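In: sequence and predicted structure are below.
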Amino acid sequence: MTDIIRVQDLKFSYPDGHTALRGVSFALCEGDKVALVGPNGAGKSTLMLQLNGILEGQGEIEIGNMRLTRDNLPVIRALVGLVFQNPDDQLFSPTVFEDVAFGPLHMGLPEDTVLQRVDAALESVRMTSYRDRLSHHLSVGEKKRIAIATVLSMQPSILVLDEPSAGLDPRARRTLINLLRDLPITMLVSTHDMKLVQELFPRTIVMDEGLIAADGMTKDILEDEIFLNQHGLEKP
């Protein structure tokens, strides 16, 4: 299958001199659902912010057959849908409808297309009845689903999520797991929730100290308790 994401020898250091990525390389094929795990400070969030150009490092990133450059950032950002850990970072409009419509409107799409995209995105996250609700009155789990809808309305090729299950009660977590399982889209998900990894992702990438420590079948990685302990992870 054709690679939909290809990252080659990606390096990045912050202005204070801290090196967050030390030469990261991996690829995702269309339809892959991949977990990204590792201890705090491993470089996971830094890597995710590189994939749609929020941060810019050294190395090469290709989305589809397009190399990420400053000139094509708007196109890349439409293809790579980034969902932040805190949904309040993405929900800033008065109503759910306005939040989900924001991206398509700013793409310059006609009104009927925007309406179709909002309806489809809300249906995908099972939140159709919340269309006219006030975003700031929703629960954390509901906000997370709406944040995903704001990205889906842009019709991205890849969904990149940072700690989607953090802060959720068991019912909201189960709803989210079912939602992610059913979404027919390539997915890279950073998480500390190893039970989520075990249940949902056939493949896992382990990062530690800015490097990829392992990239393989989830069941094989999770069975190696010594390896998990070495990289600050717990066997689920």
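Out: Great, that's in hand.
In: low pLDDT regions in this protein?
Out: 1 (pLDDT under 70).
In: can you give me the strands for it?
Out: Taking DSSP state E, the strands of the chain run over residues 3-13, 19-29, 33-37, 58-63, 66-67, 80-83, 158-162, 186-190, 203-208, 211-217.
In: how about these, which one is nearest residue 136?
Out: strand 80-83 (17.9 Å; CB to CB). Heads up, the C-betas are built off the backbone N, CA and C, glycines and all.
In: kindly reformat the strands of the chain as JSON lines containing distance to residue 100 and mean neighbour count.
Out: Formatted as JSON lines, the strands of the chain follow (distance: least, CB to CB, whole Å; neighbours: other CB atoms under 10 Å):
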{"stretch": "strand 3-13", "distance to residue 100": "24", "mean neighbour count": "18"}
{"stretch": "strand 19-29", "distance to residue 100": "26", "mean neighbour count": "18"}
{"stretch": "strand 33-37", "distance to residue 100": "23", "mean neighbour count": "23"}
{"stretch": "strand 58-63", "distance to residue 100": "23", "mean neighbour count": "17"}
{"stretch": "strand 66-67", "distance to residue 100": "26", "mean neighbour count": "12"}
{"stretch": "strand 80-83", "distance to residue 100": "12", "mean neighbour count": "23"}
{"stretch": "strand 158-162", "distance to residue 100": "15", "mean neighbour count": "22"}
{"stretch": "strand 186-190", "distance to residue 100": "19", "mean neighbour count": "23"}
{"stretch": "strand 203-208", "distance to residue 100": "30", "mean neighbour count": "22"}
{"stretch": "strand 211-217", "distance to residue 100": "34", "mean neighbour count": "16"}
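In: dump those to a markdown table, plus distance to residue 132.
Out: Formatted as a markdown table, the strands of the chain follow (distance: least, CB to CB, whole Å):
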| stretch | distance to residue 132 |
| --- | --- |
| strand 3-13 | 35 |
| strand 19-29 | 36 |
| strand 33-37 | 32 |
| strand 58-63 | 34 |
| strand 66-67 | 37 |
| strand 80-83 | 22 |
| strand 158-162 | 25 |
| strand 186-190 | 29 |
| strand 203-208 | 39 |
| strand 211-217 | 44 |
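In: out of the ones you listed, nearest to residue 142?
Out: Across the strands of the chain, closest to residue 142 is strand 80-83 (CB to CB), at 14.1 Å.
In: ok, residue 49 touching residue 57?
Out: No. Using CB atoms under 8 Å, residue 49 makes no contact with residue 57, being 9.6 Å away.
In: among the strands of the chain, which is nearest residue 197?
Out: Among the strands of the chain, the nearest to residue 197 by CB to CB is strand 33-37 (4.3 Å).
In: who does that closest one pair up with?
Out: Strand 33-37 pairs in its sheet with strand 186-190 (parallel), strand 203-208 (parallel), by DSSP bridges.
In: and that strand with strand 19-29, angle?
Out: 160 degrees (axes from the mean of the first three to the mean of the last three CA atoms, to 10 degrees).
In: how much space separates the closest residue to residue 214 other than its chain neighbours from residue 161?
Out: Leaving aside its sequence neighbours, residue 214 sits nearest to residue 206 (CB to CB, 6 or more residues apart in numbering; 4.2 Å). Distance of residue 206 to residue 161, computed by CB to CB, to the nearest Å: 17 Å.
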